[in-house]
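A.B. asks: how would this look folded up:
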Amino acid sequence: MLDLDALRRWPDVDSPDLQAHDSADALVLAEAAPWIAGRDVVVVGDRHGALTLGALDAGAAHVRVHQDPITGERALDANAEHVGLRGYAHHPLDAELVTGASLVLLQLPRSLDALDEIAGLVARHAAGDVHVVAGARVKHMTRSQNGVLERHLREVSATLAHRKARVLHAAGPRGDLPPLDWPRSTRHDDVGLTVVAHGGVFAGSAVDRGTRLLLDRVAAMPRASAVLDLGCGSGLLATAVALAQPAARVTATDRSAGAVRSTALTAAANGAHVTTLRDDAAGSVPDASMDLVLLNPPFHADSAVHTGLAHRMFEAAGRVLRPGGELWCVWNGHLRYRTALERAVGPTRQVHRDATFTVTASVRG
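C.D. replies: Numbering: from 1, shown residues only. Below you'll find the model as predicted:
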């Protein structure tokens, strides 16, 4: 039997309070055990490979897996090499991922929109007898998740909690489902942009407060020949700068497949030219190649509040900026990132501050 404790998070953020699996992974595998052997299995949301490798170890014939972060894909590949298991293939989140599937294992996303897009694809393209086994830690589950599944699948039930995790079973696609309405598009006249977003993207097709503060300051940003939107999300910042500085070469990068796809759609919807790149902390962007970097960093690693991702992104910004280039960053003021920004990039000045957020500009030395 696969030892989940043998799995590692690399290249994701690692620390003593984070691990590569949790009790929800084990419970999903246990609940799905009667149906796994000999089947082609679909896995969605596997963070570091526990569900994929657990299914293969339990006798799955093959696994189609979608992991939104590229770090998840790399962790799965590294863990598969470490434990000596093969027989899976990476897929984007689309119809091909779930076509004909009779068993889907899912780590429940915290975003209801992300769950709606996944459940919608399953109901419209999987087999008529598809069975979904979806789990999460109890503290991250709500009755609303049941309701989302029930919009697309007829039978939804919950297990009892075990080791602070719970599983939802769902089966039977509803008949006469309308076409899937993802990605979604919203026009925001107050910022003069249309946002197009897939379900799992931070803030969806809305404009979050931190991004809005940077959007309000695009005109004040230095003119640049090369701009990087680091952690681009729905692509609002990259699109706004591309429109404001049409001579600039604008690149948008994110570890999320959904974010990169959304950014390309947002740029196209607004007539902007933006090059998109799915990458981990801009690892494929050459050193000292950018004049301006824009960043609204995350403060979660999986479901845990953790600043490790932000610090990796500060270091990435410092690496890709040319001497004299600037990082414009918005962050929750209570996180007190200024010292970290000065260490990773260079002298940092405050551009704006309100009760929640701080906007800074850091100059590469």
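
A.B. asks: C-alpha from now on. contacts and neighbour counts both.
C.D. replies: OK.

A.B. asks: And the residue minimising distance to the centre of the chain, how far from R336?
C.D. replies: Centroid check for the chain by C-alpha atoms, centre = their mean gives S256 as the closest residue, at 4.1 Å. Separation of S256 from R336 (C-alpha to C-alpha, to the nearest Å) stands at 26 Å.

A.B. asks: tell me the pLDDT at the residue nearest to the centre of the chain?
C.D. replies: Predicted confidence (pLDDT) for S256: 97.

A.B. asks: contacting residues around it?
C.D. replies: For S256, the contact set (C-alpha atoms under 8 Å, 6 or more residues apart in numbering) comprises 68-70, 233, 278.

A.B. asks: Now find how far off-centre stretch 335-352 is within its chain.
C.D. replies: On the basis of C-alpha atoms, centre = their mean, to the nearest Å, stretch 335-352 sits 25 Å off its chain's mean C-alpha point.

A.B. asks: ok, now stretch 310-317?
C.D. replies: The answer for stretch 310-317 is 17 Å, by C-alpha atoms, centre = their mean.

A.B. asks: Residues in contact with it: which ones?
C.D. replies: Against stretch 310-317 from outside (C-alpha under 8 Å, 6+ apart): 230, 281-283, 293, 297-299, 327, 340-341, 344-345.

A.B. asks: Flag the shaky bits of the stretch 51-200 of the chain, pLDDT-wise.
C.D. replies: Along the stretch 51-200 of the chain, the model assigns pLDDT under 70 to no residue.

A.B. asks: Going by neighbour count, which of the contacts of stretch 310-317 are buried?
C.D. replies: 230, 281-282, 293, 297-299, 327, 341, 344-345 (16 or more other C-alpha atoms under 10 Å).

A.B. asks: Make TSV out of these and add secondary structure, pLDDT and distance to E117.
C.D. replies: Below are the buried ones among the contacts of stretch 310-317 laid out as TSV (DSSP: H, G, I helix; E, B strand; the rest coil; pLDDT from 0 to 100; distance: C-alpha to C-alpha, whole Å):
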residue	secondary structure	pLDDT	distance to E117
L230	strand	98	25
A281	coil	94	26
A282	coil	96	27
V293	strand	98	31
P297	coil	92	24
P298	coil	82	22
F299	coil	66	24
L327	strand	98	34
L341	helix	97	36
A344	helix	97	37
V345	coil	98	38
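
A.B. asks: Reformat those as a markdown table; add distance to L213.
C.D. replies: Below are the buried ones among the contacts of stretch 310-317 laid out as a markdown table (distance: C-alpha to C-alpha, whole Å):
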| residue | distance to L213 |
| --- | --- |
| L230 | 16 |
| A281 | 22 |
| A282 | 23 |
| V293 | 15 |
| P297 | 13 |
| P298 | 16 |
| F299 | 17 |
| L327 | 15 |
| L341 | 18 |
| A344 | 23 |
| V345 | 21 |
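
A.B. asks: Which member of those residues is positioned nearest T52?
C.D. replies: Nearest to T52 among the buried ones among the contacts of stretch 310-317 is A281, at 24.7 Å by C-alpha to C-alpha.

A.B. asks: Now do the contacts for that closest one.
C.D. replies: 230-231, 254-255, 312-313, 316.

A.B. asks: Filter the contacts of S256 down to the ones in strands?
C.D. replies: For these, the ones inside strands are R278, with DSSP state E as the criterion.

A.B. asks: Now for the contacts of S256: which two are most distant?
C.D. replies: Between any two of the contacts of S256 (C-alpha to C-alpha), the greatest distance is 14.0 Å, for I70 and G233.

A.B. asks: the more surrounded of those two?
C.D. replies: Taking neighbours as other C-alpha atoms under 10 Å, I70 and G233 compare with G233 leading, 31 against 18.

A.B. asks: these two touch, right, that one and G200?
C.D. replies: No: at 9.7 Å, G233 does not count as touching G200 under the criterion of C-alpha atoms under 8 Å.

A.B. asks: between these two, what contacts are shared?
C.D. replies: A259.

A.B. asks: Give me the domain ranges for this protein.
C.D. replies: Domain ranges of the chain: 4-173, 184-363, per automatic domain parsing.

A.B. asks: now do the same end-to-end measure for the last one.
C.D. replies: What that stands for is domain 184-363. Note: domain 184-363 ends 37 Å apart using C-alpha to C-alpha.

A.B. asks: from the chain's centre, how far out does it sit?
C.D. replies: That offset, for domain 184-363, works out to 15 Å (C-alpha atoms, centre = their mean).

A.B. asks: try the first one
C.D. replies: The gap between where domain 4-173 is centred and where its chain is centred comes out at 15 Å by C-alpha atoms, centre = their mean.

A.B. asks: my read: S205 touches W182, true?
C.D. replies: No: applying C-alpha under 8 Å as the test, S205 and W182 come out as separate, 10.8 Å apart.

A.B. asks: Settle it for me: which of the two has more neighbours?
C.D. replies: S205 (24 against 17).

A.B. asks: I'd assumed that one was in a helix, is it?
C.D. replies: No: S205 is assigned coil when assessed by DSSP: H, G, I helix; E, B strand; the rest coil, not a helix.
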